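[1] sequence first, then the predicted structure:
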Amino acid sequence: MDTARMLDDLEVKRLLIRTAAGDAKAFERLYRLTMPLLLGVTARIVGRRELAQEVVHDAFVRIWRSASSFDPLATHAVAWMVAIARNRAIDVVGSADSARVDAVGDDIDAIVDDAYEWSPAANDSLDRVREHQGLRRCLGELRPAERQAIVLAYHHGLSHGDLAAHLQRPLGTVKAWVRRGLESLKRCLEDGHLGRRRDEAGSSEAGSAR
Amino acid sequence: MRLADHPMLDALCGEWLTGTLRGGARRRFERAMREEPRVAQRVEQFRREFAVSPRPVPGLVPSAAELDRGWARLERELDLTPAAAPWWRGVTFWRGWALTATVVAAVAVWRAAPGPVEAPPIALRPVAELVDAGKQPLIAAALSADARVLELRPVRPIVAGPAQSYELWVIPVEGGAPRSIAVVGDLGARIEVPAVLRERLRAGATLAVSVEPAGGSPTGAPTGPVIMTGVIGS
C-alpha cells in the first residue's frame, strides 16, 4: 500500500519524458518504481503471476517504444502506464477462458474499497483529492447492476461476453449496463465539477462583495 | 468521419478506459488517439475524471531479485546497455590495466607514447545545418555513425524561457508526420536519439526545431512556430 502512495505522478512523468528522449537510466528508475503496481494490475486480469510478469515485460517494451507519444502536459502519468499494461493483459487473456471468469470475485464493495486507494496522500493536489472523492461517490450512486458490470470489467478486464457469462444475463443487457453506467458516471462527475465551479464562483463573489 | 466529431466519442472513451472496447473497434480508436489530437485530449479528460489509483496486490509485490532480473531482460531485449557501459569502463578492464600499467609505462619510455587512456570521444560527423527563415545558419547538427548520439552546436547560445521548450523533430525522407526526437531547454545539447528514430536520421530527412510550451508539444505534433530546419546530407 505504501508503494502506491509513494508513486508520485510528477516523478513518473519526469522519468517518462526522459525515457522518451532515450534515457535508459531514467527508464530503469521508471521500471523499478512502477513495475510492482503494474504487476498487481495485470495479475488481476490474467489471473496468474507468471503470465502477469510476461505481460508487464511486454508493457514496458511498449512503454519504451511509445514514450514519445506520452503527452508531457498530461497530469496522470501513472494512469497512462496502467492503460498500456491493462491493454496488454486484455490482449493476452483468451476470450473463452471460462476458468478465469469463474474465479472472479463478486464482492464489488470489497474490490472498490480494498483494491483502490481513495484516501488522499500528503502530496496530492486538492484537485486530485476531489477527483478521487468524486469518483467514489459517483460509483456509489450507480444502479447496483451497472456498478457491478463496470467494476468487474475494469478490475478483472472482463469483456462484454465474459460479463454476460459470469452474470448469466443476455449480452445485450450487460452491454447496456456498461454503457448506461458509464454515461451516469460521467454525468455525475461533470455535475460534481460544475457544482465545485459554482461554489468557487459563489465564494469569490461573496469575497468581492465584502 | 473523423472520430473527434463522432456522436459516440464519449461512449467510446469510457469503454476504452474501462477495457470493454475490443478488437477492431479498439484498434480504430487507438489509431484515432494517435492521429486526432482532439480524441487524445478527450481521453485525457476522461482519465482525469475517472482517476483511480490501484493499490499493489499484497503477496504480489516483486522481490528485489525479481526486479533485477526483469530489468536485465528488458535491458538485453531493448539493447539498452552499450551506451551505458562501454567496455573501457568495465572493472575488469581497469584491474587489468592497473596490473600491466608499469610494464606499459616502461615500454613507453622508448616507444612513441600511446594516446591518453581516457574515454574515446564519440566520433560525430556533421550531417546538417539548421537555418532560420532568412537562411541564416543557427545550428550545426552532428551525428554518430550509429545515429545514437545527435549533437546540436548553435552558433550562439539559444536558451528557452521558463515557460517554453524547444522540441527537435525529424520529418522522414518518405514524408509523413514529424516525429519528436527530444525536448530541450538549451539548443546546445547532446541528445540520445530514441532507438526507434535512429534509422530515420538518414540523408534526405529534415530536422526541425519548434517552440513549444514547457515540457514539449501537448499534442505529439509541433504546435508552436518552427524556427529552423535543415536537411540531413549524405
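    Looks like it arrived, so ask away.
[2] show me where the chain has its helices.
    Just going to use chain A. Counting by DSSP state H, one finds helices in chain A at the ranges A:2-6, A:9-20, A:24-46, A:49-66, A:77-92, A:98-102, A:108-115, A:126-141, A:144-156, A:160-167, A:171-209.
[3] hm, I was asking about chain B
    Using DSSP H, helices in chain B cover B:9-18, B:23-35, B:37-49, B:64-77, B:81-84, B:91-110.
[4] hmm, back to that, return the member of the helices of chain A having the minimum mean pLDDT.
    Mean pLDDT is lowest for helix A:2-6 among the helices of chain A, at a mean of 46.
[5] so how far is chain B from the residue nearest the centre of chain A?
    Centroid check for chain A by CA atoms, centre = their mean gives residue A:79 as the closest residue, at 6.1 Å. Residue A:79 sits 5 Å away from chain B, going by CB to the nearest CB, to the nearest Å. Yep, even glycine has a C-beta here, placed from its N, CA and C like the rest.
[6] check what pLDDT the closest residue to that residue other than its chain neighbours gets.
    Spatial nearest neighbour of residue A:79, excluding adjacent residues (CB to CB, 6 or more residues apart in numbering or on different chains): residue B:47 at 5.0 Å. Residue B:47 is assigned 85 on the pLDDT scale.
[7] residue B:47: how many residues sit nearby?
    Neighbour count of residue B:47, defined by other CB atoms under 10 Å in any protein chain shown: 19.
[8] likewise for residue B:158?
    Neighbours of residue B:158 using other CB under 10 Å come to 19.
[9] burial count for the closest residue in space to it that isn't next to it in sequence?
    Once flanking residues are discounted, residue B:158 sits nearest to residue B:187: 4.0 Å by CB to CB, 6+ apart. When counting by other CB under 10 Å, one arrives at 21 neighbours for residue B:187.
[10] repeat that for residue B:16.
    Residues near residue B:16, counting by other CB under 10 Å: 21.
[11] how close does residue B:61 sit to residue A:48?
    Going from residue B:61 to residue A:48 by CB to CB, to the nearest Å gives 16 Å.
[12] quick one, which of those two is more surrounded?
    residue B:61 (15 against 11).
[13] could you find the closest non-adjacent residue to that one?
    residue A:36 is the one closest to residue B:61 (CB to CB, 6+ apart), at 5.2 Å.
[14] just residue B:160 next, same as before
    In space, residue B:160 is closest to residue B:185, 4.8 Å off (CB to CB, 6+ apart).
[15] that neighbour contacts residue B:159, correct?
    Yes. Under the criterion of CB atoms under 8 Å, residue B:185 makes contact with residue B:159 at 6.4 Å.
[16] pick out whichever of the two has more residues nearby.
    With neighbours defined as other CB under 10 Å, residue B:185 and residue B:159 compare such that residue B:185 has more, 15 against 12.
[17] enumerate every residue touching that one.
    B:159-160, B:165-166 (CB atoms under 8 Å, 6 or more residues apart in numbering or on different chains).
[18] now it: phi and psi?
    phi -100, psi -30 (degrees, to the nearest 10).
[19] just the pLDDT for it.
    If you check residue B:185, the pLDDT there is 82.
[20] quick check: it vs residue B:136, distance?
    For residue B:185, the distance to residue B:136 - CB to CB - is 22 Å.
[21] please apply the same query to residue B:38.
    Residue B:38 is 36 Å from residue B:136, by CB to CB.
[22] likewise residue A:180?
    61 Å.
[23] quick one: which of the two has more around it?
    More crowded of residue A:180 and residue B:136, by other CB under 10 Å: residue A:180, with 16 against 9.
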